[in-house]
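>>> The sequence and its predicted three-dimensional model are supplied below.
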Amino acid sequence: MFRIRSCKKEDLNAVHKISAENTSFDATPTPADTEGMLARNPEYFYVAIDNSGEIVGFVTGYERKGIPEEVLRTWKASRVGYIDLMAVDSAHRRQGIGMGLMNTLLRKFGEDGIDLVMLDVPAEQVAGVRLYEKLGFHVRALNMRKYLESENP
Ligand SMILES: CC(C)(COP(=O)(O)OP(=O)(O)OC[C@H]1O[C@@H](n2cnc3c(N)ncnc32)[C@H](O)[C@@H]1OP(=O)(O)O)[C@@H](O)C(=O)NCCC(=O)NCCS
């Protein structure tokens, strides 16, 4: 069993440990990054805690401000939320913790009047992609890349 609550400053060491052990992000956030996320958007930062009180997962997000009205009209949205980071400790996966964290953050976004939520996830992170699809997220764009040979052919 687990429960979800807002992240507190004293949780940040455990949060950082989980984020550092998960390589899905291009660059692992530093402790200062995580501290900054909590300082800027404490209302959109949640942790999952197991029976023994250990932090076993977290999710962070924020409201994307400053989007031009014209763009919001195109997106048929009035306010936009962004899922920044999510990870669950590997020993505690497939127990619904990721889903619980996301549902908590999505509910809070909705309560605050956010009506569109976006996120980026590396295509090879199948667990994350499946979880997001299960929650109703759909792919809007593909971020493509190709390495160029260093010598001319
Ligand atoms: C993505 C992640 C947070 C999922 O956490 P979790 O607590 O295991 O997720 P849940 O137990 O809530 O799973 C919910 C659903 O997601 C899907 N899912 C989760 N893990 C999966 C996997 N390894 N393979 C396929 N589908 C998976 C399933 O549909 C699952 O429902 P089910 O168990 O009823 O089949 C976790 O795997 C993780 O931390 N991964 C590394 C970091 C990461 O990829 N973060 C997100 C992308 S940035």
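Sure thing, it's come through. In this text, all values refer to a predicted model and were calculated from it rather than measured experimentally.
>>> Name all residues that make contact with the residue of the chain found nearest the ligand.
Distances between the chain and the ligand by Cβ to the nearest ligand atom are smallest at Gly98, namely 2.7 Å. All C-beta atoms are positioned from the backbone trio N, CA, C, and that covers glycine. If you count contacts by Cβ atoms under 8 Å, 6 or more residues apart in numbering, Gly98 has them with 57, 86, 88, 127-128, 131.
>>> redo that, cut-off 7 Å
57, 86, 88, 131 (Cβ atoms under 7 Å, 6 or more residues apart in numbering).
>>> same deal with Met1?
In this structure, Met1 makes contact with Asn51, judged by Cβ under 7 Å, 6+ apart.
>>> next one: the one 3 residues further on
Going by Cβ under 7 Å, 6+ apart, Ile4 touches 46, 48, 100-101, 104.
>>> about what we covered before: closest to Lys17 among the contacts of Gly98?
Gly57 (11.5 Å; Cβ to Cβ).
>>> Wait, a strand at that closest one?
Yes. When DSSP: H, G, I helix; E, B strand; the rest coil is applied, Gly57 is found to be in a strand.
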